[in-house]
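Asker: just the structure for this:
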Amino acid sequence: GGTQLAHFDRPGIRSWVAELSADGRGPGTIKNVVNVVKAVLSSAAENGVLRTNPAHGVRLPRPQRDEMRFLDSSEIRLLADSIDPRFRTLVIFTAFTGVRAGEVGALRWERLDLARGTADIAEAYSEVHGRLELGPPKTYEHRTVPLPQFLCDLLSEHQQADRRGGLVFRSATGGPIRHSSFYRRYFKPAVVASGINPGFRFHDLRHTAAALLIAEGAHPLAVKERLGHSSITVTMDRYGHLLPALEQQLTESLNGAWRDSAVSQPCHSGPLDLAR
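Answerer: Have a look, this model is predicted:
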């Protein structure tokens, strides 16, 4: 507001952060807002208006990590069969690709290559003050997501049923999907009707995709690339707890490989001639 730069100090910024938290702002929102102010004050310090940046070192509220929920393939099918048929392919696509809600809503047919089995993720919708705005993905990186054949077949059937072109997935009225209303009107009732965990969220479809990849032995870097994380650190922070199960699976595979080698080892009738 009208606060002069010279009056900014660390106690004042701490109080401001506390007010934001008391007003119900989430930790992520507070972090974003403080980062903007920090950048402004940093510029002021670099230009000699302030001696130091008082926003440095101010502690921010820690985000509470929501519990992740995962579905197996049969549960994904249950959920997809329980939702309005117009959104069945959308649910399956999200569960097996891990694409974000805004990215799914912005996906266009020209971004799909069903012959090669790929989807180019280059845009995303977001709701800002009640308006849908089209922009780049969250990490600003264009990525290509491989598609399994069964998903290409489903998308091909979906395309034949909707010949309008443009968006792959549309709202019930034919326009872009508003995630908030889609979640309330279609997704949440489908969760209840399917009988899966009632706390399952749409974002858990993204977690489900990561869990499926890891269960199949995918390297964390492959998971990072498919989900569009900004760094491997983000991937490991969110899904590292799933890796011990993969380690156990790999260990059992090594045991099996050694046992199989004993079965296939040829028999020798006499001592080996190591000099030959």
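Asker: when you work out contacts or count neighbours from here on, use the C-alpha atoms and nothing else.
Answerer: Noted.
Asker: quick one: mean pLDDT over stretch 243-261.
Answerer: For stretch 243-261, mean pLDDT is 73.
Asker: what strand or helix carries the residue nearest to residue 98 when sequence neighbours are not counted?
Answerer: Using CA to CA, 6 or more residues apart in numbering and skipping residues adjacent in sequence, the residue nearest residue 98 is residue 206, 4.0 Å away. Using DSSP states H and E, residue 206 falls within helix 203-215.
Asker: now do the buried residues in that helix.
Answerer: By 16 or more other CA atoms under 10 Å, the buried positions in helix 203-215 come out as 203, 204, 205, 206, 207, 208, 209, 210, 211, 212, 213, 214.
Asker: so what's the second one up against?
Answerer: Read that as residue 204. 68, 69, 70 (CA atoms under 8 Å, 6 or more residues apart in numbering).
Asker: any idea how far it is from residue 191?
Answerer: Using CA to CA, to the nearest Å, we find residue 204 at a distance of 12 Å from residue 191.
Asker: burial of residue 29, as a residue count?
Answerer: 13 (other CA atoms under 10 Å).
Asker: checking it next. Helix, strand or coil?
Answerer: What DSSP: H, G, I helix; E, B strand; the rest coil gives for residue 29 is helix.
Asker: give me the pLDDT value at it.
Answerer: In this model, residue 29 carries a pLDDT of 83.
Asker: mind checking how far it is from residue 143?
Answerer: 26 Å.
Asker: and for residue 98?
Answerer: 12 Å.
Asker: thinking again about what came up before, run through the residues that contact the residue nearest to residue 98.
Answerer: 94, 95, 97, 98, 99, 100, 227 are the contacts of residue 206 under CA under 8 Å, 6+ apart.
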